[in-house]
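[1] need the 3D shape of this:
(chains A and B)
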Amino acid sequence: MSDAANRELELEVAGLIVDALNLEVGAADIDPNEPLYGEGLGLDSIDILEIALVVSKRYGFQLRSDSEDNARIFASLANLSAYIAAHRTC
Amino acid sequence: MTSPADFPLISHRWPQQPLAYFRGRARSAARFLADAHALAERLPAGDALLNACQNRYLFAVALAACVLRGRLCLLPASRSPESLAQLSEAHPSLWCLSDQTDSELALPTLRIDEASLAPDDAGVWPPPAIPTDRRVVRLFTSGSTGRPQSHDKQWGELVQATLAGLTRLGLDRLPGFAALGTVPPQHMYGLESTVLRPLLGGGLLTDVCPFFPADVKAELARLPGPRVLVSTPFQLRTLLECGLSLPELALMTSATAPLAGELAGRLEARFGAPLLEIYGSTETGQLATRRSAVTDDWQCLDGVTLRADGAERAIAEGGHLTQPQRLNDRVALDGPRQFRLLGRTADLINVAGKRSSLGFLTQQLLAIPGVEDGIFFLPEEEGGGAVARLAALVVAPQLERPALLAALRQRIDAAFLPRPLKFVDALPRNALSKLPLDALRAALHE
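    Prediction:
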């Protein structure tokens, strides 16, 4: 995927997260390399489950705990977007 | 409370009866008892131990080992450095039982893993009888004062509540039911519904705690029927909305927050099983149930009765309760054993099953150097299936947002971190110096 397409997907995913979680930041303001958990965006496990739900609805696949290293997938917006790009069915 | 002088640790009928699924394999009742005895021999000194095991089978073995030795199992609601420091203060020689390799708990720790358990061919039978007056677990709530309040449970009251719950849920007629929980065992609902219920109901305890909907589906598929799913409104809503189908269920239960009747109806229709909500608290344990899809009325468990205690408040007594307990919620009584929930009392809050009080959280905020004024509050009323987050206003002109959030994380559970957290010049105090909720909510949107 080109860098531009990458960034486009990152922004789309960031928009879904901001909407689903009622975050106070704009989608474009989320640093793609900043951690989503804890110190970065400050998300917790409830948020991760909420994100998994919007991902399943929008991109047509289910996240699993044992399929991949979830800590890595949710380490940053960039990682999550790359994972979605590789697994989306729609 | 009327009960015999002792009651067996488990209710399984024969030694080879499966008691648990552990690491993908069935484990017999006799093997579980052997595991518990093996660990009991190795417990560190001291009258109390913190049970931090995340694997539910290892948690149950650790709990049983403590019960056998007459040691109190501490189950703290929060593992923030602040609350652990308070625990260590109250129990200077406290040890932790943990199955995590990278435990960051600042306590001496006995690591529990498969090597801590009994050898393959071991078995102990019959189940030992435990004195009903033995104190076995201590749970905690945070009162408005900010100091954690401890609640000790005797074996007899846990047994009596569990047996009443088994009867009410119809599980006394489903021997060998397999309980899958999406909640951890360290709070009252998880302890009662995913550990004690299978142990005392002759059921199958499962060691996992599936997280994503697809995990729940996969774990259910591994289990024999009849299957019982123990979950929360938020997780059940996620299961429903993600569009997955599930293996056949005999029962779903929900607790920790109210579940809207409409959502309950959709869950029952989709998954083809009754959904029973369980009402309870750390202080009382399970008290009442309702079939949320068809009624708003809660029915008390056998033996438990309610009496009015002023406007919209009630006291529960009888059954497994060792003393009368005031309910934390506002209720309307429809009879001595039947009630409707009207809402929470002003100060207590519950986020994703974790309980605290707005007073406590506000005190923690005010205790941070650089915070001049501040307050936690509920930005909106609770809805069906969504997790209600807290909001906070803070006056802290010298502090940056990341520094303030980092300081808060040291003091409170992440579930309670304010969202939004808004910096203001002054709190919207009225002429009486009070902070009306309307004004707080309005200030969020200014």
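
[2] now the closest residue to residue B:273 other than its chain neighbours: which helix or strand?
    Of all residues not flanking residue B:273 in the chain, residue B:249 sits nearest, at 3.9 Å (C-beta to C-beta, 6 or more residues apart in numbering or on different chains). In short, each C-beta sits where N, CA and C put it, glycine included. For residue B:249, there is no host helix or strand (DSSP states H and E).

[3] what's the local residue count around residue B:249?
    Using other C-beta atoms under 10 Å in any protein chain shown, residue B:249 is surrounded by 19 other residues.

[4] my read: it touches residue B:227, true?
    Yes - shown here, residue B:249 and residue B:227 form a contact pair, counting by C-beta atoms under 8 Å, at 5.2 Å.

[5] give the intersection of the neighbour lists for these two.
    Common contact partners of residue B:249 and residue B:227 (C-beta atoms under 8 Å, 6 or more residues apart in numbering or on different chains): residue B:220.

[6] quick one on the thing from earlier: quick one: pLDDT of the residue nearest to residue B:273?
    At residue B:249, the predicted lDDT confidence score is 98.

[7] ok, it - contacts?
    Residues counted as contacts of residue B:249 (C-beta under 8 Å, 6+ apart) are B:220, B:227, B:228, B:229, B:271, B:272, B:273.

[8] so which of the residues you listed sit within strands?
    Of the contacts of residue B:249, the ones assigned to strands by DSSP state E are B:227, B:228, B:229.

[9] chain A: which of those residues is nearest?
    When the ones in strands among the contacts of residue B:249 are ranked by distance to chain A (C-beta to the nearest C-beta), residue B:229 comes first, at 15.5 Å.

[10] for the closest one, which residues count as its bridge partners?
    Beta-bridge partners of residue B:229, counted by DSSP bridges, are residue B:180, residue B:252.

[11] tell me the SS of residue B:34?
    The local conformation at residue B:34, judged by DSSP: H, G, I helix; E, B strand; the rest coil, is helix.

[12] am I right that it is in contact with residue B:121?
    No - contact criterion C-beta under 8 Å: residue B:34 and residue B:121 do not qualify, at 9.2 Å.

[13] higher neighbour count, those two?
    Neighbours of residue B:34 and residue B:121, each counted by other C-beta under 10 Å, are more numerous for residue B:34; the result is 23 against 7.

[14] quick one: contacts for the more buried one?
    Contacts here follow C-beta under 8 Å, 6+ apart; on that basis residue B:34 touches B:117, B:118, B:122, B:123, B:124.

[15] next, count neighbours for the fourth one.
    Which is residue B:123. Neighbours of residue B:123 (other C-beta under 10 Å): 14.

[16] where's the nearest residue to it once chain neighbours are set aside, which helix or strand?
    Of all residues not flanking residue B:123 in the chain, residue B:30 sits nearest, at 3.4 Å (C-beta to C-beta, 6+ apart). Under the criterion of DSSP H and E, residue B:30 resides in helix B:29-42.

[17] and that helix, how far out from the chain's middle?
    Mean-position distance between helix B:29-42 and its chain equals 25 Å (C-alpha atoms, centre = their mean, to the nearest Å).

[18] and if you look at stretch B:405-417?
    So, by C-alpha atoms, centre = their mean, the centroid of stretch B:405-417 is 20 Å from its chain's centroid.

[19] next, the distance between the ends of that stretch.
    End-to-end distance of stretch B:405-417 (C-alpha to C-alpha, to the nearest Å): 8 Å.

[20] and residue B:411, what pLDDT?
    Residue B:411 carries a pLDDT value of 86.

[21] and it, what does it touch?
    Neighbour list for residue B:411: B:80, B:82, B:364, B:367, B:368 [criterion: C-beta under 8 Å, 6+ apart].

[22] how about those in TSV, adding pLDDT?
    TSV is the format used below for those (pLDDT from 0 to 100):
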residue	pLDDT
B:80	70
B:82	73
B:364	89
B:367	88
B:368	93
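
[23] generate a PyMOL selection restricted to the buried entries among those.
    A single PyMOL command selects the buried members of these (16 or more other C-beta atoms under 10 Å in any protein chain shown):
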select buried, chain B and resi 80+82+364+368
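
[24] the contacts of residue B:411 in helices, which ones?
    Mapping the contacts of residue B:411 onto helices (DSSP state H) picks out B:82, B:364.

[25] turn the contacts of residue B:411 into CSV, columns for distance to chain A.
    Formatted as CSV, the contacts of residue B:411 follow (distance: C-beta to the nearest C-beta, whole Å):
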residue, distance to chain A
B:80, 13
B:82, 17
B:364, 17
B:367, 20
B:368, 16
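
[26] for chain A, what helix or strand is lowest in average pLDDT?
    Within chain A, confidence by mean pLDDT, DSSP states H and E is lowest for helix A:70-73 among all helices and strands, at a mean of 84.

[27] which other helices and strands contact whichever helix or strand comes after it?
    Counting by DSSP H and E, the element after helix A:70-73 in chain order, helix or strand, is helix A:77-87. If you count contacts as 3 or more C-beta pairs under 8 Å, 6 or more residues apart in numbering or on different chains; DSSP states H and E, helix A:77-87 packs onto helix A:3-21, helix A:45-59, helix A:70-73.

[28] let me know which of those is the nearest to chain B.
    Of all the helices and strands packed on helix A:77-87, helix A:45-59 sits nearest to chain B, with 4.6 Å by C-beta to the nearest C-beta.

[29] what comes up buried for the closest one?
    Judged by neighbour count (16+ other C-beta under 10 Å), helix A:45-59 contains these buried residues: A:46, A:47, A:48, A:49, A:50, A:51, A:52, A:53, A:54, A:55, A:56, A:59.

[30] assign residue B:130 to helix, strand or coil.
    Assigned by three-state DSSP, the conformation of residue B:130 is strand.

[31] can you tell me which residues contact the residue nearest to it when sequence neighbours are not counted?
    Closest residue in space to residue B:130, ignoring its immediate chain neighbours: residue B:155 at 4.9 Å, by C-beta to C-beta, 6+ apart. Listed by C-beta under 8 Å, 6+ apart, the contact set of residue B:155 reads B:7, B:67, B:130, B:131, B:132, B:133, B:134, B:135, B:136.

[32] and the last one, how far from residue B:67?
    This points to residue B:136. Residue B:136 sits at a distance of 5 Å from residue B:67 (criterion: C-beta to C-beta, to the nearest Å).

[33] so which of the two has more stuff around it?
    Taking other C-beta under 10 Å, residue B:136 and residue B:67 do not tie; residue B:67 has more neighbours (23 against 20).

[34] wait, does the helix or strand where that one lies contact chain A?
    Residue B:67 belongs to helix B:56-69 when elements are defined using DSSP H and E. No - Helix B:56-69 lies apart from chain A when judged by C-beta under 8 Å from any C-beta of the partner chain; the minimum separation is 15.0 Å.

[35] for that helix, packing partners?
    Here helix B:56-69 touches strand B:18-22, helix B:29-42, strand B:48-51, strand B:72-75, strand B:135-142, strand B:204-206, going by 3+ C-beta pairs under 8 Å, 6+ apart.

[36] winner for burial among those?
    Comparing these by mean neighbour count (mean count of other C-beta atoms under 10 Å in any protein chain shown), strand B:204-206 ranks first with a mean of 25.

[37] residues contacting residue B:211?
    Counting by C-beta under 8 Å, 6+ apart, residue B:211 touches A:45, A:49, A:65, B:182.

[38] kindly report the same for residue B:138.
    Applying C-beta under 8 Å, 6+ apart to residue B:138 gives the contacts B:48, B:72, B:73, B:74, B:75, B:150, B:151, B:152, B:153.

[39] helix, strand, or coil at the residue nearest to residue B:215 when sequence neighbours are not counted?
    Spatial nearest neighbour of residue B:215, excluding adjacent residues (C-beta to C-beta, 6+ apart): residue A:65 at 4.9 Å. At residue A:65 the chain is in coil, as set by three-state DSSP.

[40] was I right about residue A:65 contacting residue B:209?
    No - using C-beta under 8 Å, residue A:65 is not in contact with residue B:209; the gap is 9.7 Å.
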